[in-house]
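Engineer: prediction below, plus the sequence it came from.
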Amino acid sequence: MKINSNRYTINDLSYMIRSAKEMDAKKLSQLRLQIDGETEYLDRERGEHYIDESGFKMIIKDDTDSENNLFLVSEVDGAIVGFSRCVGNTLKRTSHKVEFGVCVLKEYWGYAIGKNLLKESLNWADQNGIEKVNLSVLETNDKAIKLYKKHGFEVEGILKKDKLLSDGNYYHTIIMGRFNVQRDRVKLT
């Protein structure tokens, strides 16, 4: 699905959040590879589960054509510096929910890009009848956990010793979910 683009200016950085286009595929392939090498908050190490340009073109086309998927990018002066996806499905029992994921180049942390990708995704979900948004976050990512809680997410569970990081230690993954409050209110009345 697509959304209207929106422009943000935070700490003198101006950026746009918009739906991904097939012409973004090459940049997204390079960006994902770079981001995977910058942080251990993500599931992958650099180069793992690599998606090339044609792979991203297929993902973008599928997400654009699907009513339950949303692929957003954040663009600064023509360069893509972050992206997010909401991925759902059409199975009757789970078509009411999507899985949210986000990543932003470390150089652009602190400009509310992740926060605004989240807000745009939640607005889309609320406007399109998505009742639940799920996500997973590494237990050490305190800023992200605080942000998600601020936007209505609650902890639903913990996957213990879920990730083995470069320090040789295991870390928990926190599973969080946000329910569409308006939908819950309608059901109660």
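Structural biologist: Noted; the coordinates are in hand.

Engineer: tell me what Ser136 is bridged to.
Structural biologist: Ile175 (DSSP bridges).

Engineer: which residues touch it?
Structural biologist: Leu159, Thr173, Ile174, Ile175, Met176 (CB atoms under 8 Å, 6 or more residues apart in numbering). C-beta here means a position set from N, CA and C on the backbone, and glycine is covered the same way.

Engineer: for the third one, which non-adjacent residue is closest in space?
Structural biologist: Excluding its sequence neighbours, the residue lying closest to Ile174 (CB to CB, 6 or more residues apart in numbering) is Val137, at 5.2 Å.

Engineer: Glu156 and Thr173 touch, don't they?
Structural biologist: No. Using CB atoms under 8 Å, Glu156 makes no contact with Thr173, being 11.5 Å away.

Engineer: how about the nearest residue to Thr14, chain neighbours excluded?
Structural biologist: One correction, residue 14 is Ser, not Thr. Arg7 is the one closest to Ser14 (CB to CB, 6+ apart), at 6.6 Å.

Engineer: may I see the buried residues of stretch 63-82?
Structural biologist: 63-64, 66, 68-76, 80-82 (16 or more other CB atoms under 10 Å).

Engineer: what is the neighbour count of the residue nearest to Ile174?
Structural biologist: Counted with other CB atoms under 10 Å, the neighbours of Val137 add up to 22.

Engineer: repeat that for Ser84.
Structural biologist: Counted with other CB under 10 Å, Ser84 comes out at 23.

Engineer: quick one: contacts of the helix ranked longest in the chain?
Structural biologist: Within the chain, and with DSSP state H defining each element, the longest helix by residue count is helix 113-127. Residues from elsewhere that reach helix 113-127 (CB under 8 Å, 6+ apart): 1, 3, 6, 8, 10, 15, 17, 70, 72, 74, 81-84, 86, 98, 100, 102, 104, 130, 133, 144, 147-148, 151-152, 178, 180, 182.

Engineer: quick revisit: CA atoms only: put the helix or strand hosting the residue nearest to Ser14 into CSV for me.
Structural biologist: If you go by DSSP states H and E, Arg7 is part of strand 6-10. Extracted in CSV, the C-alpha atoms of strand 6-10 (Å, rounded to 0.1, in the frame of the first residue of the first chain):
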residue,chain,number,x,y,z
ASN,A,6,5.4,14.0,4.6
ARG,A,7,8.3,16.3,5.3
TYR,A,8,10.0,16.7,8.7
THR,A,9,12.6,19.1,10.0
ILE,A,10,14.4,18.1,13.2
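
Engineer: next, the buried residues of the helix or strand just after that strand.
Structural biologist: Note on strand 6-10: by DSSP H and E, the next helix or strand toward the C-terminus is strand 13-19. By 16+ other CB under 10 Å, the buried positions in strand 13-19 come out as Tyr15, Ile17, Arg18, Ser19.
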